[in-house]
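>>> Pasting the sequence and the predicted coordinates here, then a few questions.
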Amino acid sequence: MPETEQDVRALLAAATADIPPGIDLLRGVQARRSTHRIRPRITLSAAAAIVAAAAAAITLALVQAPPSALAQLTSAVSRTAGQSYHFSATMTRVTLPSSGTTITSRTEFSGAFDPARRVGEETTRTGAQARFIGGYVYLNAGSAGGQPPLPGGKSWLRTPSLPLWVPVAASGQLRLTSGLLSVAETSPQNLFALLDSVSRVNRQGSVSGPGWTGTRYVYSAAFTIGAAGSGRPVAHATGTIDVDQQGRVRQLDAAYTLPGIASAPPARGTVEMTFSGFGAPVSVSAPPAREVLIAGNAPGHQIRIRIRSGA
Amino acid sequence: MRRDTVDLDARFTAFVREHGDRHLRVAVLLTGDWHAAEDLVQASLVKLYRAWPRLDTSVDPDAYLRRIIVNTHRSWWRARWRREMPVPALPDRADAGDLADRQALGALVRQALSALPRQQRAVLALRYGEDLPEAAVAELLGCSAGSVKRHAYRGLRALRQQLGGEWPQGEVNQALDEQRDMR
């Protein structure tokens, strides 16, 4: 057998090995078949057909279809993104430059957001911080090594932040904050915006956590990076979301692939995020002005701070 | 429910449980996306179910379903029912490793397949994913064996270009072994 054919068989096997959970062919077939079962009952005599059709119509009207999985998930994400919350997360990321070695990182971080007051903060285990206040984000690299020092002895960088506070169900774009701490790309508010681009949702079943029970959903999403309709590359994400009985997101897991964007190489990664403290106060203040370097006024200004592997 | 309907449902259900995943795998090679593949297979299974009472013992339901899937995918593609987004050039081979890496590899390959023209993708899926002989692929796609050869050659060449000319052999072989164990 030619080597090339054997190679492609192996690749196609790899491409089909990971059937995601939640796919149930029989359930979907049964659901589709149920929309066809009504028809045969109407092939009767004229009077009986009218009665049968009326009965079928009344039956259909009386049956209240439960909200779809997508509707329930959208509602949960909207509710969670609209109130204050605390979170903790683990993120892995593999950056794939066209030349040179891949860059692998793992980051653990936590924080809190209050969308109503337009504030939020994130801190990594090494002490790197991002503080989101209105239209700006303040960055401090903490003890992460290898970062060039800021000029003038400053310890904070301020840069405009693309909106994090836009309600879910907007344009379906992933809104990246302006570069910054890599974790900011997976800030909860960004992830919630990502979920606006969900194309598939299935209920997987019941789930529980400390002090709560709820439902797990499996989703997939595809979204453009940048302005809608601009033909920008498409990124993909799949994962699960756990929603408690109060309709709040408790756990959000995502595996995503990002295509290369301008000078940024392609990347792939995972995020596992746990939510708590709904409605609890969130206090975030800007750092002292003397410690802050203002990066510029143009949105999208990017400065990357790499979190080294093991941070 | 009548007894013959019960029997039909039981046999159909058994068929789907035993063979469904195999057709789902071919469908994901055609569509590039697991959930689009799920839609495609489910729609095709509904058609198979309607035809099931008329199938006689000489008909192989696997082959019948495969034909339905190929034809349905072709009509969906023509109707642009599924938008197909252009994908950028794919990154270099990632490091071999854990389950997440294998899943990422699978996603990369599916993305590369998605970038191919429909006929090339279908030929690769049926010829190498389903291991059908050229004549069977030609009959399914309604073209000549020569066309199948040409589409295969061009598809393989494009796939190699998409994946950077370096086939990540380590995790690929592992995935192949796992799939063989499942069959």
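That came in fine, so what should we check first?
>>> hang on, residue A:114 packs against residue A:278?
No - Residue A:114 lies out of contact with residue A:278 (Cβ atoms under 8 Å); the separation is 11.1 Å. All C-beta spots, glycine's among them, are computed from the backbone N, C-alpha and C.
>>> measure residue B:29 to residue A:235 for me?
22 Å (Cβ to Cβ, to the nearest Å).
>>> hmm, I was thinking of residue A:245
Applying Cβ to Cβ to residue A:245 and residue A:235 gives a distance of 32 Å.
>>> Neighbour count: the two, which is higher?
A count of neighbours by other Cβ atoms under 10 Å in any protein chain shown puts residue A:235 above the other of residue A:245 and residue A:235, at 21 against 9.
>>> residues in contact with the helix or strand containing that one?
Assigned by DSSP states H and E, residue A:235 belongs to strand A:234-244. Strand A:234-244 is touched from outside by A:20, A:72-73, A:76-77, A:174, A:194-195, A:204, A:207, A:209, A:212-225, A:249-259, A:271, B:85, B:87, B:107, with contacts defined as Cβ atoms under 8 Å, 6 or more residues apart in numbering or on different chains.
>>> can you check stretch A:271-287 too?
A:80, A:83-91, A:112-114, A:117, A:119-121, A:131-133, A:138, A:140, A:155-156, A:186, A:188, A:191, A:239, A:248-254, A:256, A:292.
>>> hey, what's the residue nearest to residue A:212 when sequence neighbours are not counted bridged with?
Counting by Cβ to Cβ, 6 or more residues apart in numbering or on different chains, residue A:244 is the residue found nearest to residue A:212 once chain neighbours are left out, at 4.2 Å. Beta bridges link residue A:244 to residue A:214, judged by DSSP bridges.
>>> can you count the residues close to residue A:244?
Neighbours of residue A:244 (other Cβ under 10 Å): 21.
>>> for the one 10 residues further on, same thing?
The criterion is other Cβ under 10 Å. On that basis, residue A:254 has 21 neighbouring residues.
>>> Repeat that for residue A:237.
23.
>>> So what sits opposite it in the bridge?
In beta-bridge terms (that is, DSSP bridges), residue A:237 pairs with residue A:221, residue A:256.
>>> can you list residues touching both of residue A:114 and residue A:278?
Contacts common to residue A:114 and residue A:278, judged by Cβ under 8 Å, 6+ apart, are residue A:84.
>>> more neighbours, the two?
residue A:114 (20 against 16).
>>> close to chain A, is the helix ranked longest in chain B?
As assigned by DSSP state H, the longest helix anywhere in chain B is helix B:3-31. Yes - against chain A, helix B:3-31 shows contacts by Cβ under 8 Å from any Cβ of the partner chain at B:13, B:16, B:17, B:20, B:21, B:24, B:25, B:26, B:28, B:29.
>>> next helix or strand past that helix?
That would be, after helix B:3-31 and using DSSP H and E, helix B:34-51.
>>> one step back: let's see which of the contacts of strand A:234-244 end up in helices.
A:72, A:73, A:76, A:77, A:194, B:107.
>>> so the last one sits right up against residue A:257, yeah?
Yes - A contact is recorded between residue B:107 and residue A:257 when judged using Cβ under 8 Å, the distance being 5.9 Å.
>>> what residues are shared contacts of these two?
A:236, A:268.
>>> hmm, back to that, buried among the contacts of stretch A:271-287? Need that as a selection in PyMOL.
One line in PyMOL is enough to select the buried ones among those; burial here means 16 or more other Cβ atoms under 10 Å in any protein chain shown:
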select buried, chain A and resi 80+84+85+86+87+89+91+112+113+114+119+120+121+131+132+133+138+140+155+156+186+188+191+239+248+249+250+251+252+253+254+256+292
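>>> Please flag which of the contacts of stretch A:271-287 sit within strands.
Mapping the contacts of stretch A:271-287 onto strands (DSSP state E) picks out A:85-91, A:112-114, A:119-121, A:131-133, A:138, A:140, A:156, A:239, A:249-254, A:256, A:292.
>>> What is the neighbour count of residue B:53?
Neighbours of residue B:53 (other Cβ under 10 Å): 10.
>>> ok, it to residue B:72 distance?
With Cβ to Cβ as the criterion, residue B:53 and residue B:72 are 20 Å apart.
>>> again, but for residue A:288
Taken as Cβ to Cβ, the span from residue A:288 to residue B:72 is 64 Å.
>>> Looking at those two, which has the bigger crowd around it?
Between residue A:288 and residue B:72, counted using other Cβ under 10 Å, residue B:72 has the larger neighbour count: 20 against 9.
>>> Not counting residues beside it along the chain, what's closest to that one?
Distances taken as Cβ to Cβ, 6+ apart put residue B:44 closest to residue B:72, at 5.2 Å, once the chain neighbours are dropped.
>>> Would you confirm that that neighbour contacts residue B:67?
No - counting by Cβ under 8 Å, residue B:44 does not reach residue B:67; the two are 9.1 Å apart.
>>> Counting neighbours, go ahead and name the busier of these two.
Set residue B:44 next to residue B:67 and count neighbours by other Cβ under 10 Å: residue B:44 wins out with 24 against 14.
>>> Spell out which residues sit in contact with the more buried one, please.
Residue B:44 touches B:23, B:65, B:68, B:69, B:72, counting by Cβ under 8 Å, 6+ apart.
>>> could you redo the last one with a cut-off of 7 Å?
Shown in contact with residue B:44 (Cβ atoms under 7 Å, 6 or more residues apart in numbering or on different chains): B:65, B:68, B:69, B:72.
>>> pLDDT weak spots in chain B?
Residue ranges of chain B with pLDDT under 70: B:1-8, B:57, B:78-104, B:164-183.
>>> tell me the domain boundaries of it?
B:1-84, B:93-183 (automatic domain parsing).
>>> domain parsing for chain A?
A:23-65, A:71-125+A:162-287+A:300-305.
>>> Let me know the average pLDDT across the last one.
Averaging pLDDT along domain A:71-125+A:162-287+A:300-305 yields 72.
>>> Next: the shortest one.
Looking at domain A:23-65 alone, the average pLDDT works out to 51.
>>> the helices in the stretch 1-150 of chain A, which residues?
Per DSSP state H, counting those that start in this stretch, the stretch 1-150 of chain A carries helices over the ranges A:3-15, A:25-34, A:46-62, A:69-81.
>>> State the three-state secondary structure for residue A:200.
strand (DSSP: H, G, I helix; E, B strand; the rest coil).
>>> can you count the residues close to the closest residue in space to it that isn't next to it in sequence?
Among residues not flanking residue A:200 along the chain, residue B:35 sits closest, at 3.8 Å (Cβ to Cβ, 6+ apart). Here the count is done by other Cβ under 10 Å, and residue B:35 has 20 residues near it.
>>> Run through the residues that contact residue B:35.
Taking Cβ under 7 Å, 6+ apart, we find residue B:35 in contact with A:199, A:200, A:220.
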